[in-house]
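1. got a sequence here, can you build the structure:
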Amino acid sequence: MDSFMKNRVSARLLGMILTGLALLLSFSSPAQAIVYLDITSANFRKVNIAVPYFVDIKRPDGIQDSGKKMADLLGRALAFHGFVDIIPPSAYGGAQTWDWPALGAEFTILGQYEITNAGLVLELRLNEIQTGHMILGRRYQTPISRHQESIKKFCDEVVLQLTGERGVSQSQIAFVSTVTGHKEIWLADVLGDNVRQVTQHEYLAVSPRFSPDNKWLAYTSYHKNNPNLYITELNVLKSTRAISRQKGLNMAPSWSPDGSVIALTLSKSVNPDLYLIDINGNELRRLTNGEGANVSPTWSPDGKKLAFVSDRSGTPQIYIMEVATKAVQRLTFLGNENTTPSWSPKGDWIAYTGRINGNTHILLSKPEGGAPVQLTQTAGDHESPSWAPDGRQVVFSRKRNNKQELCVIFKNGMGLRPLFNLKGAQSSPQWSPRQDL
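-> Okay, here's the model as predicted:
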C-alpha cells in the first residue's frame with residue numbers, strides 16, 4: 001500500500017473513532033466515501049455548502065431560534081477554514097428540502113435536535129448532492145450549555161472528511177489586550193465567542209504560551225516589579241503560580257513538544273540568554289552564553305531544534321540551534337530587523353516579523369534557509385505571528401490608523417481578515433493546539 005493510500009486509511013480510521021461529548025454513533029449509509037479536496041491547488045475553488053436551520057424534533061413544522069443559531073454557528077465555523085462558501089439560508093428560507101443543484105450546493109448539512117431532561121440530543125448529517133449519499137453522520141448527547149462544543153467538533157470532522165485533515169474550530173487564541181486599561185492576557189475561541197480575561201494583575205502581562213496539552217498557559221507579568229514567569233491552569237480557578245523569579249528577565253516562554261521543558265530568556269547574568277527549565281522552574285540547561293541578546297525561542301515540532309532571535313551579528317536576526325549540540329546557524333539575512341519566529345506545526349515553515357520599507361510584515365522562511373516569502377502586503381505594522389494547529393493559517397497583530405487588532409491570513413497569502421471585534425488594543429496572539437478529543 002503506498003503512502004497516499006495509507007494516509008487515506010489513517011484519516012478514515014481517525015474520522016470513525018472521533019467521539020461526541022457523551023455519546024457518538026455513526027449512521028449507516030449506502031456509501032461513506034471520503035472526499036479529499038486539494039485546497040492548496042492554485043486552481044482550487046471554494047466548495048458550496050448549505051447548512052439549513054436545524055429542526056426541533058418536537059416542533060418540526062416551525063423554525064425555532066435555537067435551530068437558526070446552531071446552524072449559523074456551524075456555518076461560521078466551516079467558513080472560517082477558508083475553502084467553504086456557505087449558501088445563505090435566505091436563498092432557500094432555511095428549509096431542509098430544496099432543489100440543491102439549482103442553488104449550486106455540493107453538500108448539505110442537515111441537523112435535528114431534541115431538548116430532554118438530560119440535555120440536548122443533536123443529530124447531524126453531511127450529504128453529498130451529486131451522489132445522494134450521506135458521507136458523515138454523528139449523534140451527540142450533551143448538556144445544553146456545551147452544545148457549541150458538539151457543533152464545532154462536527155465541523156472539524158467535516159473538514160477532515162473533505163480535506164484529509166481535521167479542522168481547527170475547537171482551538172483557541174490567547175492574546176494581550178488593553179481593554180481594562182492594563183495589558184492583560186485574554187482568551188477567545190477562533191470565532192470570537194466565549195472571550196474571557198485570564199490574568200487580573202492590573203499591570204503588564206505579556207507573551208502567553210499554551211502548553212501542548214492545552215492545560216496550562218505560561219506568560220510573563222511585571223506586577224511584582226520584575227518580569228517573572230507564571231503558569232496558570234486554564235480550567236482551574238486560582239491555580240496561577242510563579243515558576244521563575246530570577247532577577248531580571250524571565251521572558252517569552254516556549255513549551256517543548258512533549259510539555260516537559262520550557263525554553264525562555266533569563267538575564268540573571270546581565271546578558272539575556274536562553275535557558276531550559278522544567279515546569280517547576282528548575283534550571284536544566286543554559287543554551288547561549290553572551291553571544292548578543294538572545295530572545296523569543298520557538299521549538300521545532302520534533303523537539304530537536306529551536307529558532308530564536310539574537311543581535312550577535314549587530315542587528316536582530318533569526319537563528320536556529322540544534323538543542324543537543326548547541327550548534328547555531330543564521331536563518332535570516334534580508335533586512336536589519338527580523339524577530340518573533342514561530343515554527344509551523346508540520347515543521348516546514350518558520351513565520352516571523354520582518355521590517356520592510358519602514359513597516360513590519362509577516363514573512364515565511366524554510367527552516368533550511370532560502371529566499372523568504374512575504375505573507376502580508378497591507379498597510380500598517382504586522383507582528384507576532386502564530387500558526388493554526390493545522391498549519392494552514394497564521395494569526396498576527398496589525399496596527400494601522402491608531403488601531404491594533406488581531407488578523408488571520410492563509411499560508412498562501414490570501415484571505416487576510418480581522419479576527420475579533422474587541423475594544424482596546426490586541427497584540428501578541430498565540431494559537432492553541434487542538435483540543436483533545
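
2. I'd assumed Leu122 was in contact with Tyr113.
-> Yes. With contacts counted by CB atoms under 8 Å, Tyr113 reaches Leu122, the gap being 4.6 Å. Where C-beta positions appear, they are placed from N, C-alpha and C, glycine not excepted.

3. who touches both of the two?
-> Phe54, Met70 (CB atoms under 8 Å, 6 or more residues apart in numbering).

4. show me where the stretch 301-437 of the chain dips below the pLDDT cut-off.
-> Applying pLDDT under 70 to the stretch 301-437 of the chain picks out residues 436-437.

5. which parts of it are strands?
-> 305-310, 317-322, 327-330, 338-343, 350-356, 359-365, 373-374, 381-387, 393-400, 403-410, 417-418, 426-431 (DSSP state E, counting those that start in this stretch).

6. show me what the first one is packed up against.
-> Packing partners of strand 305-310 (3 or more CB pairs under 8 Å, 6 or more residues apart in numbering; DSSP states H and E): strand 294-299, strand 317-322, strand 338-343.

7. could you dump these to TSV with distance to Tyr53 and mean neighbour count?
-> What follows is the helices and strands packed on strand 305-310, written out as TSV (distance: least, CB to CB, whole Å; neighbours: other CB atoms under 10 Å):
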stretch	distance to Tyr53	mean neighbour count
strand 294-299	43	24
strand 317-322	49	22
strand 338-343	39	23
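
8. so for Pro101, which of the ones you listed sits nearest?
-> strand 338-343 (42.9 Å; CB to CB).

9. which one of the strands of the stretch 301-437 of the chain lies closest to Gly75?
-> strand 417-418 (16.1 Å).

10. pairing partners for that closest one, with directions?
-> strand 403-410 (antiparallel) (DSSP bridges).

11. what comes up buried for the strand it pairs with?
-> Burial within strand 403-410, assessed by neighbour count using 16 or more other CB atoms under 10 Å, is assigned to Gln404, Glu405, Leu406, Cys407, Val408, Ile409, Phe410.

12. tell me the angle it makes with strand 393-400.
-> Interaxial angle of strand 403-410 relative to strand 393-400 (axes from the mean of the first three to the mean of the last three CA atoms, to 10 degrees): 150 degrees.

13. next, the angle strand 426-431 makes with strand 403-410.
-> Going by the same axes, to 10 degrees, strand 403-410 makes 30 degrees with strand 426-431.

14. got the CA coordinates for strand 403-410 in CSV?
-> Provided in CSV are the C-alpha atoms of strand 403-410 (Å, rounded to 0.1, in the frame of the first residue of the first chain):
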residue,chain,number,x,y,z
LYS,A,403,-6.0,50.7,15.8
GLN,A,404,-4.3,47.5,16.8
GLU,A,405,-6.2,44.3,16.2
LEU,A,406,-5.7,40.6,15.6
CYS,A,407,-5.8,39.3,12.0
VAL,A,408,-5.5,35.9,10.3
ILE,A,409,-4.2,35.0,6.9
PHE,A,410,-3.9,31.8,4.9
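
15. just how off-centre is that strand within its chain?
-> In terms of CA atoms, centre = their mean, to the nearest Å, the centre of strand 403-410 is set 13 Å apart from its chain centre.

16. show residues contacting it.
-> Identification of contacts with strand 403-410 by CB under 8 Å, 6+ apart yields 82, 173, 175, 362, 375-376, 382, 388, 392-398, 415-420, 422, 425-427, 429.

17. stretch 228-245 now?
-> Stretch 228-245 is contacted by residues 187, 198-199, 211, 214-222, 224, 226, 250-251, 253, 262, 264, 266, 277, 279-281 when judged by CB under 8 Å, 6+ apart.

18. give me the buried subset of the residues you listed.
-> Among those, the ones that count as buried by 16+ other CB under 10 Å are 187, 198-199, 211, 214, 216-221, 250-251, 253, 262, 264, 266, 277, 281.

19. and the strands in the stretch 101-250 of the chain, which stretches?
-> 107-116, 119-128, 134-142, 172-177, 184-189, 196-197, 205-210, 216-221, 228-233, 241-244, 250-255.

20. counting by contacts, list what the shortest one packs against.
-> Which is strand 196-197. Using 3+ CB pairs under 8 Å, 6+ apart: strand 196-197 touches strand 184-189.

21. quick one: strands adjacent to the strand it packs on?
-> Each strand paired with strand 184-189, and its direction, by DSSP bridges: strand 172-177 (antiparallel), strand 196-197 (antiparallel).

22. for stretch 111-130, what is the distance to the chain centroid?
-> So, by CA atoms, centre = their mean, the centroid of stretch 111-130 is 27 Å from its chain's centroid.

23. next one: stretch 141-154
-> Chain-centre distance of stretch 141-154: 19 Å, with CA atoms, centre = their mean.

24. ends of it, how far apart?
-> In stretch 141-154, first residue to last residue: 13 Å (CA to CA, to the nearest Å).

25. list the buried residues in that stretch.
-> For stretch 141-154, using 16+ other CB under 10 Å, the buried residues are Gln141, Thr142, His147, Gln148, Glu149, Ser150, Ile151, Lys152, Lys153, Phe154.

26. would you mind giving the domain segments of the protein?
-> Domains of the chain are assigned by automatic domain parsing as 3-163, 172-431.

27. highest mean neighbour count out of the ones you listed?
-> domain 172-431 (a mean of 18; mean count of other CB atoms under 10 Å).

28. how far out from the middle of the chain is that domain?
-> With CA atoms, centre = their mean, you get 13 Å for domain 172-431.

29. next: stretch 427-434.
-> That offset, for stretch 427-434, works out to 6 Å (CA atoms, centre = their mean).

30. circling back to that earlier point, redo the buried residues of strand 403-410 as TSV? Include distance to Val309.
-> Listed next are these as TSV, based on distance: CB to CB, whole Å:
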residue	distance to Val309
Gln404	21
Glu405	24
Leu406	21
Cys407	22
Val408	23
Ile409	22
Phe410	25
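
31. what's the closest of those residues to Asp258?
-> Val408 (27.6 Å).

32. distance check, Arg398 against Gly347.
-> Using CB to CB, to the nearest Å, we find Arg398 at a distance of 26 Å from Gly347.

33. next one, pLDDT for Ser3 please.
-> As predicted, Ser3 sits at a pLDDT of 39.

34. now do the contacts for the residue lying closest to Asn401 once chain neighbours are set aside.
-> Nearest residue to Asn401 in three dimensions, chain neighbours excluded: Gly380, at 7.5 Å (CB to CB, 6 or more residues apart in numbering). Listed by CB under 8 Å, 6+ apart, the contact set of Gly380 reads Asn359, Arg398, Lys399, Arg400, Asn401.

35. ok, of the residues you listed, which one's closest to Ser207?
-> Lys399 (17.7 Å).

36. hang on, isn't that closest one packed against Ser384?
-> No. Counting by CB under 8 Å, Ser384 is not a contact partner of Lys399; they are 10.7 Å apart.

37. sorry, back to before: wait, which of the strands of the stretch 301-437 of the chain is closest to Gln246?
-> With respect to Gln246, and counting by CB to CB, the nearest of the strands of the stretch 301-437 of the chain is strand 305-310 at 18.2 Å.

38. fine, thanks again, bye for now.
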